[in-house]
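S.K.: Give me a model of this one.
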Amino acid sequence: MHERRKRRPPKPLDAARLEELALAYVARFATTTGKLEAYLARKLRERGWDGERPAEPGAIAARFAELGYVDDEAYARARAGGLLRSGYGTRRIEQALRGAGIDEALRDRARPRERARREAALTLARKRRFGPFGPEKPDRERREKQMAAMIRAGHGFDEARALVDAESVEDAEQWVADAAAEDEDR
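M.R.: Here you go, the predicted structure:
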C-alpha cells in the first residue's frame, strides 16, 4: 500500500498571476465587468494575496473594459436577444442582466420593445404547446397552469392571457403583428 499524496494548497496570487487569471477568464467566457470582478474576488478569497500593494479586482475589470476585452453593452444585447429567442420575457431578462452586474442604464437600453416581447411569448407558447398550439382547447385547470408557466418565464399577465386564450394560431400571430404596427407608430 502506498501513501496518498497530500495536495499542497495553491500559492497565493500576486499582481501578475491575478492579471493572467483575468485574461484567461475573458478569453474563455463572454462576461461583464461585474462578473469579472466577482470572479477575481473569489480567486483572491480562495488563494490569498501575496502582492506588494493591495489587490484591486475592480481596477483590473475597469481596465479590461477600457481596453475592450469586456463590453457590458454587447453582453446585455446578446444575452437579452438569446433569452428572447428562447421565449423568455422581460422580467427574466431583467433578472439575468442584473445578476450579471449590468447597470440600470444598460438594462434599460437592452429592454425589448413590444413586438419582441410578443414574439418571445409566441415562441414559448409554440414550444410548450400552450393555448391554440395545443391539441385541444385547455380546460380551466390546464389554462391556469399554462398562464403560470408563461408568467414564470417572465411574461406579463396580459401577454400570457392573450396567448393562452387565443382562439386560433392565426389570432395569436395577428396579436404579434399588431405590436409591429404599434412599434412603428412610436
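S.K.: so what does the lowest-mean-pLDDT helix or strand in the chain touch, helix or strand wise?
M.R.: The least trusted helix or strand in the chain, going by mean pLDDT, DSSP states H and E, turns out to be helix 169-185, with a mean of 83. Applying 3 or more CB pairs under 8 Å, 6 or more residues apart in numbering; DSSP states H and E, we find helix 169-185 packed against helix 114-128, helix 157-164. The C-beta positions use only the backbone N, C-alpha and C, and glycine is treated the same way.
S.K.: For that helix, buried residues please.
M.R.: Within helix 169-185, the residues that count as buried by 16 or more other CB atoms under 10 Å are 172-173, 175-176, 179.
S.K.: closest one to A38 among the helices and strands packed on helix 169-185?
M.R.: helix 114-128 (28.1 Å; CB to CB).
S.K.: which strands and helices sit next to the closest one?
M.R.: If contacts are counted by 3+ CB pairs under 8 Å, 6+ apart, helix 114-128 sits against helix 72-85, helix 140-152, helix 157-164, helix 169-185.
S.K.: Report the residue spans of this protein with pLDDT below the cut-off.
M.R.: The model of the chain has pLDDT under 70 over residues 1-3, 181-186.
S.K.: Would you map out the domains in it?
M.R.: Per automatic domain parsing, the structural domains of the chain span 15-70, 73-185.
S.K.: Tell me how far G81 lies from E159.
M.R.: G81 sits 18 Å away from E159, going by CB to CB, to the nearest Å.
S.K.: Comparing these two, which residue is more hemmed in?
M.R.: Neighbours were counted for G81 and for E159 using other CB atoms under 10 Å; E159 has more, 25 against 14.
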